[in-house]
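>>> any chance you could fold what I've pasted below:
(2 chains)
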Amino acid sequence: MNLDLTLSYDLSPGWLAPYIDGLRAGRAVGARCRTCAKVSFPPLRTCPCGGRETTWADLPGTATLHYRSTGSDGDFALVAFDGAAALCVARLDGFGPKDRLGIITAATGPRPGLCLRPVKEPVP
Amino acid sequence: MVAISGAALTAFGRRRDGSSFRDWARQAFDAALAMSGLEPADIDLLVVASESDFFTLQLNSASVIAGDLGLTGAATMRVEGGGASGQLAVHAGVARIMAGLAQHVAVVGVDPSASALPGDTMRDLYGFSFDAWTDGMTGASSSMLYALSWQDFAARHGATEADLAAVTMQNRQNACANPGAHLPRSHNAAEIAASPMIASPYRRLHCSPLSDGAAAVILSRPDALPQARQAAPRITGIGASSDYAHLGARPHPGDFSAKTRAMTRALDMAGIAAREIGLAEVYDAYAGAQLQGIAALGIAPDWQRELHAGAFDIDGRCPVNLSGGLMGQGAPVGATGVGQTATCALLLEGRYHAGLQPRRSPDHALADTHGGIATSCAVTILSQRAGA
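Okay, here's the model as predicted:
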């Protein structure tokens, strides 16, 4: 039996709406814990410290690559966003082999994914 | 403590014979039930492990499979925890027996992971088995996330591509003696290094395949065992734990910390130390994941030296993935954890494939499974009856 099944989802982002809206606008919006003041990005609804109350916080949007993997799906990295307490996974767009710094770029298309474009290394 | 009165697996692979997941479930169940010496009417509960309705296109699959197995009237449930579904289903059955709510439980894991949908569709679906709104929306595949996790582990633990090659060669070589294996192959390091890059450093030969298949175990209260099965191996410890779904939120994205917690809980329940585990089926979705798993489980604190010294070989201190693991035997997701438990039980009883049966029969075995990048972790410790 060959069966083509097309599913058209209309998914609501719920509490993640500010984060998703930020990605579409090219802004990094994280969650600042009211207990320990650390910012999670992507946002965690409950902070690793146990704090359950957060406020939204704009980050500069710049990030440093820690680990990078390239393959049939594209170019990705675990990166540290400036101002964020932990790493996150991002798609890389236009990075050369030696590029290590990036800045968030507005998500396009139906999937609001986190994407970085390269920026020049700061002058030491 | 719960006995494993019956255990069986179908062949894993890409089925092109017109059979369906319902046929495979029946085949595995019938073989396990025959081993147990029980009848369908003895089964109080059927637990089905299946990862996704997208694969089977059958919601509430447990009730349908119950009818196929002659278990209509028994209680039914389905357990889903990504790649850990099968092991979590075993845990559900164990808990039901230990609570005194059942005497005999059938646990059947099944998935048509290879044949039902195109590979690209499966890859898209697996992208949603992580946090779909964060890591998933980036378009990163399972391979990509595992590769990034491995890089963190390798950087902090000094792991190398030679370690990945050793795991790949050993698991596929073990699969050569498993007549039910999906990928019974002999590889050398040069072939591995020349295979296509999937997500650096992972190449195609470092990856497990998508497979079709089923596995079943019959769990029994020891005092309800048929006479002929009094010596059946026991499940002496179960443990499960979870981690942050998106990789970067973890303090060390390469550490399988939830696996460590799950193992600690299982060891506490079994009353043994990790070094007493004498064989293990470890979740090797990718070659590196096996090593990250061994490190997290604590079964070989000096894992890198032991890997290359043969400790995980068939006659080593703690044989790992004698079945071939996911990389060699294959990975029909819902069947994986059930199949690992069945394999450990058969090995403890000396009833496994002749070429893979260790000369020395261990007292304790470990079945280790996870979903996500070790996000949902579940381990089961099996012991010989004498040691239980």
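>>> quick check: residues of chain B near chain A?
When proximity is defined by Cβ under 8 Å from any Cβ of the partner chain, chain B lies next to chain A at B:57, B:131, B:133-135, B:137-141, B:143-145, B:147-148, B:151-152, B:155, B:196-202, B:244, B:246-251, B:253. C-betas here are computed from N, CA, C, even on glycine.
>>> what's the ChimeraX syntax to select whichever of the residues you listed are buried?
Applying 16 or more other Cβ atoms under 10 Å in any protein chain shown to the residues of chain B next to chain A leaves a buried subset, and the ChimeraX line that selects it is:
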select /B:131,133,134,135,137,138,139,140,141,143,144,145,147,148,151,152,198,199,200,201,202,244,246,247,248,249,250,253
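>>> which of the residues of chain B next to chain A fall within helices?
B:143-145, B:147-148, B:151-152, B:155 (DSSP state H).
>>> please see if the strand ranked longest in chain A touches chain B.
Assignment by DSSP state E gives strand A:62-71 as the longest strand of chain A. Yes: Strand A:62-71 reaches chain B (Cβ under 8 Å from any Cβ) through A:66-71.
>>> that older thread, make JSON lines out of the ones in helices among the residues of chain B next to chain A and add distance to residue A:42.
Output for those, formatted as JSON lines (distance: Cβ to Cβ, whole Å):
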{"residue": "B:143", "distance to residue A:42": "21"}
{"residue": "B:144", "distance to residue A:42": "16"}
{"residue": "B:145", "distance to residue A:42": "14"}
{"residue": "B:147", "distance to residue A:42": "20"}
{"residue": "B:148", "distance to residue A:42": "15"}
{"residue": "B:151", "distance to residue A:42": "20"}
{"residue": "B:152", "distance to residue A:42": "18"}
{"residue": "B:155", "distance to residue A:42": "23"}
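>>> could those residues go into a markdown table alongside pLDDT?
Below are those laid out as a markdown table (pLDDT from 0 to 100):
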| residue | pLDDT |
| --- | --- |
| B:143 | 95 |
| B:144 | 95 |
| B:145 | 96 |
| B:147 | 98 |
| B:148 | 98 |
| B:151 | 98 |
| B:152 | 98 |
| B:155 | 98 |
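>>> quick one: which of those is nearest residue A:113?
Nearest to residue A:113 among those: residue B:144, at 12.3 Å, using Cβ to Cβ.
>>> how near is the closest one to residue B:133?
17 Å (Cβ to Cβ, to the nearest Å).
>>> among the residues of strand A:62-71 next to chain B, who's most crowded?
If you count neighbours using other Cβ atoms under 10 Å in any protein chain shown, the busiest of the residues of strand A:62-71 next to chain B is residue A:69, which has 28 neighbours.
>>> hmm, residue B:152 and it touching each other?
No: using Cβ atoms under 8 Å, residue A:69 is not in contact with residue B:152, being 11.0 Å away.
>>> got the CA positions of stretch B:212-228 in PDB?
Presented in PDB, the C-alpha positions along stretch B:212-228 are these (Å, rounded to 0.1, in the frame of the first residue of the first chain):
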ATOM      1  CA  ASP B 212      12.700  -3.100  10.700                       C
ATOM      2  CA  GLY B 213      12.100  -5.800  13.400                       C
ATOM      3  CA  ALA B 214      10.700  -6.800  16.700                       C
ATOM      4  CA  ALA B 215      11.800  -8.300  20.000                       C
ATOM      5  CA  ALA B 216       9.900  -9.600  23.000                       C
ATOM      6  CA  VAL B 217      10.400 -10.700  26.600                       C
ATOM      7  CA  ILE B 218       8.100 -12.400  29.000                       C
ATOM      8  CA  LEU B 219       8.500 -11.100  32.500                       C
ATOM      9  CA  SER B 220       7.300 -13.300  35.400                       C
ATOM     10  CA  ARG B 221       7.000 -13.100  39.100                       C
ATOM     11  CA  PRO B 222       9.500 -15.700  40.300                       C
ATOM     12  CA  ASP B 223       7.000 -17.700  42.400                       C
ATOM     13  CA  ALA B 224       4.800 -18.000  39.300                       C
ATOM     14  CA  LEU B 225       7.400 -19.400  37.000                       C
ATOM     15  CA  PRO B 226       6.800 -22.800  35.400                       C
ATOM     16  CA  GLN B 227       9.000 -25.500  36.900                       C
ATOM     17  CA  ALA B 228      11.100 -25.700  33.800                       C
END
